[in-house]
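Engineer: got a predicted model here, sequence first, then my questions.
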Amino acid sequence: MQVSIYLAVAAFVLGSLLGAIIIYMRLSKTQKQLRSSGGYLESEKLKKETLQKELNSVYQAKETIELTLKQRLKEAAIINKRMDEDILLLQQSNEETEALLKAGQPELHALKLQLIEANNTIARLKGLLGAKGK
């Protein structure tokens, strides 16, 4: 009977020891998985921060380009307006020349034609210089 008590106590101790080993192994495995998940999470946070920085730099570049293009558009509008005004002046000058021709002042008409040709040459040269400047 004493042997059976010893066997029962030994079985209990051995079972407890085996249970503790199994629990320790599972706990160790769970801790490894937790550390692995933590490392993965940290890696993903770093990737997110990097992408956020890249997005900010791309957005700033986009803003700079838009600002530059708006400025160029304003400059082009000013140039177009000036060219329209020059065209109107040339048209007025041509109409005046035609009126003088009809009025019978051929000398003045010849001078006006020379002035028109000079203005046209100046406009062409400005256009060429403007095209080369870009």
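Structural biologist: Received it, and whenever you're ready, just let me know what you need.
Engineer: neighbours around residue 112, how many?
Structural biologist: Residue 112 is flanked by 19 other residues according to other C-beta atoms under 10 Å. Any C-beta I mention is one placed from the backbone N, CA and C, and that applies to glycine too.
Engineer: wait, it touches residue 96, no?
Structural biologist: Yes. Under the criterion of C-beta atoms under 8 Å, residue 112 is in contact with residue 96, at a separation of 7.1 Å.
Engineer: how many neighbouring residues does residue 83 have?
Structural biologist: For residue 83, the number of neighbouring residues by other C-beta under 10 Å comes to 14.
Engineer: lowest-pLDDT helix or strand in the protein?
Structural biologist: None of the helices or strands of the chain scores lower by mean pLDDT, DSSP states H and E than helix 106-133, at a mean of 81.
Engineer: and that one, what does it pack against?
Structural biologist: helix 2-103 (3 or more C-beta pairs under 8 Å, 6 or more residues apart in numbering; DSSP states H and E).
Engineer: taking helix 106-133 as reference, get the angle to the helix it packs on.
Structural biologist: On the basis of axes from the mean of the first three to the mean of the last three C-alpha atoms, to 10 degrees, helix 2-103 is oriented at 170 degrees to helix 106-133.
Engineer: let the chain start at 17 from now.
Structural biologist: Will do, 17 is the new start, and the previous item becomes helix 18-119.
Engineer: I'd like the average pLDDT over helix 18-119.
Structural biologist: Mean pLDDT, computed over helix 18-119, is 90.
Engineer: centre of the chain versus it, how much separation?
Structural biologist: Relative to its parent chain, helix 18-119 has a centroid offset of 12 Å by C-alpha atoms, centre = their mean, to the nearest Å.
Engineer: ok, stretch 110-126 next?
Structural biologist: On C-alpha atoms, centre = their mean, the centre of stretch 110-126 falls 58 Å from that of its chain.
Engineer: can you give me the end-to-end span of that stretch?
Structural biologist: For stretch 110-126, the first and last residues are 12 Å from each other (C-alpha to C-alpha, to the nearest Å).
Engineer: which other residues reach stretch 140-150?
Structural biologist: Contact partners of stretch 140-150, identified using C-beta atoms under 8 Å, 6 or more residues apart in numbering, comprise residue 95.
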